[in-house]
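K.L.:
below is the sequence, then the predicted model.
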Amino acid sequence: MLTKRQLLVLKEIIRQSTETGQPVGSKSLMARLPVHVSSATIRNDMAALEDAGLILKTHSSSGRVPSTKGYRFYLDHLIEPTAASPMDLATIQQAFGGTYHELDDIVAQSARILSNLTNYTAISLGPEVASVSLTGFRLVPLGGQQVMAILVTSNGAVRNQLFTLPANVDSSAIEKAIRIVNDKLVGLPLNEVAKKVQSEVPELMMHYMTTPDGFLNIFGDVLKQAASERFYVGGRLNLMDFIGTDDMNQLKSVLSMIDADTGDINQLLGPVGNVPIEVKLGDELTPDTLKNLSLIIANYDVGAHGTGTIALLGPSAMPYSRMIGLLDAFRSELAKRLTSYYKNFD
């Protein structure tokens, strides 16, 4: 059982080491602690904290740094989040200013803003809306056999994709197929649309098209794009500041994990609890390539439009009080911006 003074020593070691990036010694603690004790007493307290596995002695000096266990103890029992400063709030609000035509633009901008504010790597996922429905689908001829497929959903998202139609395609049949989509599928949730595309719709289209597979492939591709979980990453190169080029294998692995085309962001974020803001570090992060890193995850709520996630990936030695306070303010501003955007489609 730690004493109150030992808890103060641990808290101060964490504060100083995250601010300076250097090991903390007894003389530095003696000058900063809110209680007046001798250097010998502080060394005894540091020895107790070391025995408990909460701090570690470095090879380069007599100072101590927090261990992963120490950070976990601090996060669970000692942390006092610092409210975002007026300057940070003004920066966030100003950066979110402007007009956005698509929801993805706001989500992508949020990752850029957060990475610039913190100098860490920021990850932003848009709201997950189980009830997002299809509101429209059309094909726009672009000349020759090229068309642009445009799909619109109830949350205001617009997906488009270029396709080349087969040379023997019947334009009147295509028009009838589009009519079937708009008559039978518009208004349904996307997950239900996807099921019907596999079951009922092909049979309906057989009445108008000899081989509807080509059209269904076009519709299915753009539908998949609309229904996919989209995430954005800001500050990828910031990883080099705390992983460094001395461990290129880890750097490559983490970069691959957050790559939009090949990465698995769910593997990084993992299951998110019901708490508004959560910190994962050490063995709590998978896979092993995330060793010595820390992830702060925050949910934001956009009411009936669902919840999204923003996260900060950085070193274990983050200034957690400031980062958690900043993330709390940021998720509130992001929710306001998205709520305002959605009002145009309600």
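P.N.:
That came through fine. Numbering: from 1, shown residues only.
K.L.:
which stretches of the chain form strands?
P.N.:
55-57, 64-66, 121-128, 134-143, 146-153, 158-164, 231-234, 277-281, 293-301, 307-315 (DSSP state E).
K.L.:
separation between the residue nearest to G187 when sequence neighbours are not counted and P66?
P.N.:
Nearest non-adjacent residue to G187, counting by CB to CB, 6 or more residues apart in numbering: S133, 5.8 Å away. In this view, the C-beta of every residue, glycine as well, is placed from N, C-alpha and C. Distance, S133 to P66, by CB to CB, to the nearest Å: 49 Å.
K.L.:
who has more neighbours out of those two?
P.N.:
Ranked by neighbour count (other CB atoms under 10 Å), S133 and P66 place P66 first, with 25 against 17.
K.L.:
how many residues are close by the nearest residue to that one once chain neighbours are set aside?
P.N.:
Nearest non-adjacent residue to P66, counting by CB to CB, 6+ apart: I14, 5.0 Å away. Residues lying near I14 (other CB under 10 Å) number 26.
K.L.:
touching, I14 and G70? I think so.
P.N.:
Yes: in this structure I14 lies within contact range of G70 using CB atoms under 8 Å: 6.9 Å.
K.L.:
which residues in the protein form helices?
P.N.:
Using DSSP state H, the helices found in the chain span residues 4-20, 26-32, 39-51, 68-77, 86-95, 103-118, 171-184, 190-198, 200-205, 213-227, 239-242, 248-257, 265-269, 320-342.
K.L.:
adding distance to V152 and mean pLDDT, write those out as TSV.
P.N.:
What follows is the helices of the chain, written out as TSV (distance: least, CB to CB, whole Å; pLDDT from 0 to 100):
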stretch	distance to V152	mean pLDDT
helix 4-20	47	94
helix 26-32	58	90
helix 39-51	58	94
helix 68-77	43	96
helix 86-95	28	95
helix 103-118	12	93
helix 171-184	11	79
helix 190-198	11	75
helix 200-205	18	75
helix 213-227	9	68
helix 239-242	36	88
helix 248-257	32	85
helix 265-269	25	70
helix 320-342	14	94
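K.L.:
do you know which of the ones you listed lies nearest T153?
P.N.:
Closest to T153 of the helices of the chain, according to CB to CB: helix 213-227, at 5.7 Å.
K.L.:
list the contacts for N116?
P.N.:
Residues near N116 by CB atoms under 8 Å, 6 or more residues apart in numbering: A95, G234, G235.
K.L.:
so the last one sits against T121, correct?
P.N.:
What it means is G235. Yes: with contact defined as CB under 8 Å, G235 reaches T121; the gap is 4.8 Å.
K.L.:
more neighbours, the two?
P.N.:
It is T121, of G235 and T121, that has more neighbours when counted by other CB under 10 Å, with 27 against 22.
K.L.:
which residues touch I123?
P.N.:
Residues near I123 by CB under 8 Å, 6+ apart: 111, 231-234, 258, 265, 268-269, 309-313.
K.L.:
I meant to write R322 there.
P.N.:
R322 sits next to T82 when contact means CB under 8 Å, 6+ apart.
K.L.:
number of residues surrounding T289?
P.N.:
T289 has 18 neighbouring residues, counting by other CB under 10 Å.
K.L.:
if we can go back for a sec, which residues are common contacts for G235 and T121?
P.N.:
When contacts are counted by CB under 8 Å, 6+ apart, G235 and T121 have S115 as shared neighbours.
K.L.:
and the contacts of N116, which is closest to K4?
P.N.:
Distance to K4 across the contacts of N116 (CB to CB) is lowest for G235, with 38.8 Å.
K.L.:
which residues does the nearest residue to the closest one once chain neighbours are set aside contact?
P.N.:
The shortest distance from G235 to any non-neighbouring residue, by CB to CB, 6+ apart, is to S115 (2.9 Å). Counting by CB under 8 Å, 6+ apart, S115 touches T121, A122, G234, G235, N238.
K.L.:
show me the contacts for the closest residue to the last one other than its chain neighbours.
P.N.:
With CB to CB, 6+ apart as the measure, T121 is the residue that lies nearest to N238, at 5.2 Å, once sequence neighbours are left out. T121 sits next to S115, V233, G234, G235, R236, N238, L239, I258, L312, L313, G314 when contact means CB under 8 Å, 6+ apart.
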